[in-house]
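Undergrad: heads up, no residue letters with this:
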């Protein structure tokens, strides 16, 4: 039986964190690509299909919240396949308190590598092809990226809490 290799996108502005996550994922048998911020991730999403996006929250240019908002709008198949890794948002506020709908999909740095991999595996339990349905990713009738310009307006304009209600 052929094993399906899952493809992950790791988005973090910190070289060490990107490298650490990539090393863990590759050693667990996943294919990975990296992006340095949300805008870089959007460029990669235009040309590749991923099984999971793993993103920091606080980043320059386009933060993780803005990236998640774009994914919800343009790449709905990834909405439930998005994992935040973060050192925190503001001071002592816990990300899960602000985004209760994302409970179980936010892991705080520093994290245990085994816990990280367990969460990753739980989020990709259904293959992307099944998640997309028989028509697959090309089922859109309208242009694929009509609102990317709108998404770029989200660049660090605060935390868009209404997106997660």
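TA: In hand now; what should we look at? Since the model is a prediction, treat every value here as computed from it, not as a measurement.
Undergrad: tell me the strands in the chain, going along the chain?
TA: 7-11, 31-35, 52-55, 82-86, 106-108 (DSSP state E).
Undergrad: Out of the ones you listed, which gets the lowest mean score?
TA: Of all these, mean pLDDT reaches its minimum on strand 106-108 (a mean of 84).
Undergrad: all helices of the protein, in order?
TA: Per DSSP state H, the chain carries helices over the ranges 15-27, 38-45, 64-74, 95-98, 113-123, 128-132, 148-152.
Undergrad: Most tightly packed of those helices?
TA: Neighbour counts (mean count of other Cβ atoms under 10 Å) averaged over each of the helices of the chain peak at helix 64-74, with a mean of 23. Every residue, glycine included, has its C-beta placed from N, CA and C.
Undergrad: tilt between it and strand 7-11?
TA: Orientation check (axes from the mean of the first three to the mean of the last three Cα atoms, to 10 degrees): helix 64-74 against strand 7-11 gives 140 degrees.
Undergrad: taking the mean pLDDT, what do you get for helix 64-74?
TA: On average, helix 64-74 scores 89.
Undergrad: show me the contacts for the closest residue in space to residue 105 that isn't next to it in sequence.
TA: Leaving aside its chain neighbours, residue 105 sits nearest to residue 83 (5.4 Å; criterion: Cβ to Cβ, 6 or more residues apart in numbering). Neighbour list for residue 83: 52, 53, 54, 55, 105, 106, 107, 119, 120, 123 [criterion: Cβ atoms under 8 Å, 6 or more residues apart in numbering].
Undergrad: Tell me, how many residues neighbour the third one?
TA: So that's residue 54. Residue 54: 29 surrounding residues under other Cβ atoms under 10 Å.
Undergrad: contacting residues for it?
TA: Per Cβ under 8 Å, 6+ apart, neighbours of residue 54: 8, 9, 10, 11, 21, 82, 83, 85, 120.
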